[in-house]
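Q: Coordinates for the following, if possible.
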Amino acid sequence: MWHIGVVGLAALLVYREWRQPAGIATTWWVAILGGLMYGFTYFCIFLEGQTVVVGLPFALIIALLALIWGRKKVAQQPILAFFFVACLVAVILFGGC
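A: Below you'll find the predicted structure:
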């Protein structure tokens, strides 16, 4: 149940950032460092909970969304940049399993 909560909260934060951007420049070292840690944690909770069927598609959707349609936005939307890095890390780790 809490895995759905993790996905739901992430979706809510990405949606809010997409609709009402913070309007501040992304500090990339912070987004990358935080994204690496969160992406690894995201991977671990879904792998350990045996709910990869929930975690992997969501991470793939967020990574592709940010990469394709949000490419120009991530420089001014730090939360989107954070979740892009985190989901990209998670997808790479899921792919290695």
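Q: what about the longest helix belonging to the chain, distance to the chain center?
A: If you go by DSSP state H, the chain has its longest helix at helix 28-48. Relative to the centre of its chain, helix 28-48 is centred 8 Å away, using Cα atoms, centre = their mean, to the nearest Å.
Q: quick one: average pLDDT of it?
A: The average of the pLDDT scores along helix 28-48 is 95.
Q: Pull the residues that contact the helix or strand containing Y15.
A: According to DSSP states H and E, Y15 maps onto helix 2-19. Here helix 2-19 makes contact (Cβ atoms under 8 Å, 6 or more residues apart in numbering) with 42, 45-46, 49, 51, 54-55, 58, 62, 65, 70, 73, 77, 79-80, 83. For glycine as for every other residue, the C-beta is placed from the backbone atoms N, C-alpha and C.
Q: How about stretch 65-76?
A: By Cβ under 8 Å, 6+ apart, stretch 65-76 touches 14, 18, 21-26, 77, 80-81, 83-84, 87.
Q: in it, what's buried?
A: Within stretch 65-76, the residues scored as buried using 16 or more other Cβ atoms under 10 Å are L65, A66, G70, K73, V74.
Q: center of this structure, which residue is that?
A: Closest residue to the average C-alpha location of the chain: F83 at 2.8 Å, with Cα atoms, centre = their mean.
Q: In terms of pLDDT, where does that residue sit?
A: 95.
Q: follow-up on the earlier one: mind listing which of the buried residues of stretch 65-76 are in helices?
A: Among the buried residues of stretch 65-76, DSSP H puts L65, A66 in helices.
Q: ok, the buried residues of stretch 65-76 vs G34, which is closest?
A: Taking Cβ to Cβ as the measure, G34 lies nearest V74 of the buried residues of stretch 65-76, at 13.8 Å.
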